[in-house]
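*Asks:* Can you look at this prediction? I've put the sequence above it.
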Amino acid sequence: MKLSSIKVPRSYVVISSLGAGFGGIVLLKDYLGGKKFDDDNQDMYGKSVIVTGANSGIGKQTARLLSKKGARVIMACRNIDACTAAREEIYDETINPSLECRELNLASSQSIRKFVDQIKREKRNVDVLINNAGTMCGPRDTTNDGFEWQLGVNYLGPFLLTLLLLDKLKASPQGRIINVVSPFFKKSEINFDDLNSVETYQPKIAYGQSKLALVLFSQELARRLEGTKVTVNCVNPGVCKTSISRHLPVSQSMLGGLVTPILWVFCKSAFQGAQTPVFLAVDTSLDKTTGKYFSDMKEDKLSENALDEKVAQRLWMISEKWTKLNTSL
């Protein structure tokens with residue numbers, strides 16, 4: 001029998017075509033997701049890492065990858081039940097007993113101080129602090145301390161947490177502070193006339209301002225820590241499809257379900273978004289790299305608004321006053 005005479009059922013052809021098409025889409029998503037940090041020669045045994053917002057999204061994947069590398073990972077989360085569930089899931093995969101849940105609400109200075117007090121009572125150093133937790137474009141709300149929600153959670157909370165933990169980080173052989181930001185900062189500005197968005201509130205503008213504030217803080221802190229063993233860098237994880245985008249109009253509209261497949265392809269997964277934060281936490285070539293901004297595991301250029309030292313210094317003074325923190329830096 002000639003091969004050309006064999007009739008292949010049309011259903012087989014359709015299934016094969018769909019399979020090939022889906023495989024191509026998966027490969028495209030993998031390609032668009034960027035490089036993976038897969039250096040097995042670098043581990044984190046003996047090092048302690050704090051990851052805020054580690055119960056979901058990028059934070060959870062960052063905690064998982066660092067746990068696989070042997071780090072003692074402190075998962076600092078507002079929702080302790082969700083944190084516990086995430087911790088059990090990560091432990092089942094990594095079998096790392098040095099994986100801990102701690103309650104931390106960045107919308108409450110009392111919670112932040114309680115968390116830091118507990119960390120300081122321990123005799124172990126903090127080697128890496130990853131300020132990952134954040135919120136995006138929700139309706140106007142205020143933190144427990146009366147600050148606009150996005151400014152409080154995305155910036156003032158990490159500002160207070162970082163400075164309270166600075167002694168622990170300085171005691172490390174090589175401390176690292178990693179602040180997760182968003183490209184939104186590049187087209188934003190600090191509105192000192194209405195920093196707390198009391199007069200007007202526009203979700204996207206407030207979000208951009210909070211992320212720019214975090215970048216400016218990173219730059220100013222890096223300058224003030226020159227000569228120490230602590231580095232400060234910012235990371236853009238990329239556009240990721242995680243729960244942080246739930247307040248965006250496209251997620252809430254009827255079109256949300258229609259565009260989800262498209263977003264799945266062109267947006268990074270949480271695993272892909274975690275690659276650069278892990279790179280900054282682990283890679284030994286970055287021991288002395290500070291005051292930089294990274295995307296896709298390489299240094300990226302900061303916009304001019306993020307390099308304004310006068311704005312950064314003014315913001316620092318206001319932040320100290322608002323958080324009731326007086327530093328000697």
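*Replies:* Cool, got the structure. Numbers count the residues shown, from 1 in each chain.
*Asks:* What's the local residue count around F271?
*Replies:* Counted with other Cβ atoms under 10 Å, residues neighbouring F271 total 16. Using the backbone N, CA and C atoms, a C-beta is placed for each residue, glycine as well.
*Asks:* for L163, that is, sorry about that
*Replies:* If you count neighbours by other Cβ under 10 Å, L163 ends up with 20.
*Asks:* What pLDDT does the model give it?
*Replies:* Listed pLDDT for L163 reads 98.
*Asks:* and what of D38?
*Replies:* What the model reports as pLDDT for D38 is 77.
*Asks:* Just to be sure, it is in a strand?
*Replies:* No: D38 sits outside any strand when classified using DSSP: H, G, I helix; E, B strand; the rest coil, being coil.
*Asks:* Got the phi and psi for it?
*Replies:* Per-residue torsions, D38: phi -120, psi 30 (degrees, to the nearest 10).
*Asks:* Quick one: the strands in the stretch 1-150 of the chain, in order.
*Replies:* Ranges of strands in the stretch 1-150 of the chain, per DSSP state E, counting those that start in this stretch, are 48-52, 72-77, 99-103, 128-131.
*Asks:* would you list those strands in CSV and tack on mean pLDDT and mean neighbour count?
*Replies:* Conversion of these to CSV gives the following (pLDDT from 0 to 100; neighbours: other Cβ atoms under 10 Å):
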stretch, mean pLDDT, mean neighbour count
strand 48-52, 98, 27
strand 72-77, 98, 28
strand 99-103, 98, 18
strand 128-131, 98, 28
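*Asks:* okay if I get those strands as TSV plus distance to T323?
*Replies:* Converted to TSV, these look like this (distance: least, Cβ to Cβ, whole Å):
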stretch	distance to T323
strand 48-52	16
strand 72-77	17
strand 99-103	19
strand 128-131	14
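*Asks:* Figure out which of those strands is closest to V180.
*Replies:* Minimum separation from V180 across the strands of the stretch 1-150 of the chain (Cβ to Cβ) falls at strand 128-131, 6.3 Å.
*Asks:* Please report the number of neighbouring residues for N144.
*Replies:* Residues near N144, counting by other Cβ under 10 Å, number 12.
*Asks:* contacting residues around it?
*Replies:* 105, 107-111 (Cβ atoms under 8 Å, 6 or more residues apart in numbering).
*Asks:* what about 6 Å?
*Replies:* Residues counted as contacts of N144 (Cβ atoms under 6 Å, 6 or more residues apart in numbering) are 107-108.
*Asks:* separation between it and D194?
*Replies:* Using Cβ to Cβ, to the nearest Å, N144 is found at 21 Å from D194.
*Asks:* likewise K229?
*Replies:* Separation of K229 from D194 (Cβ to Cβ): 39 Å.
*Asks:* do the same with D127
*Replies:* 38 Å.
*Asks:* Comparing the two, which shows the higher neighbour count?
*Replies:* D127 (22 against 13).
*Asks:* gap between stretch 191-200 and the chain center?
*Replies:* Relative to its parent chain, stretch 191-200 has a centroid offset of 25 Å by Cα atoms, centre = their mean, to the nearest Å.
*Asks:* Just the CA trace of it, in PDB.
*Replies:* In PDB, the C-alpha atoms belonging to stretch 191-200 read as follows (Å, rounded to 0.1, in the frame of the first residue of the first chain):
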ATOM      1  CA  ASN A 191       3.500  66.200  44.100                       C
ATOM      2  CA  PHE A 192       4.700  67.900  47.300                       C
ATOM      3  CA  ASP A 193       1.600  70.200  47.300                       C
ATOM      4  CA  ASP A 194      -0.700  67.100  47.700                       C
ATOM      5  CA  LEU A 195       1.600  64.200  48.500                       C
ATOM      6  CA  ASN A 196      -1.100  62.400  50.400                       C
ATOM      7  CA  SER A 197      -3.700  62.800  47.600                       C
ATOM      8  CA  VAL A 198      -6.100  64.700  49.900                       C
ATOM      9  CA  GLU A 199      -7.300  67.300  47.400                       C
ATOM     10  CA  THR A 200      -7.500  65.000  44.400                       C
END
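*Asks:* Look at the closest residue to L216 other than its chain neighbours and report its pLDDT.
*Replies:* The spatial neighbour of L216 that comes closest, neighbours along the chain excluded (Cβ to Cβ, 6 or more residues apart in numbering), is A312 at 4.2 Å. Note for A312: predicted pLDDT of 98.
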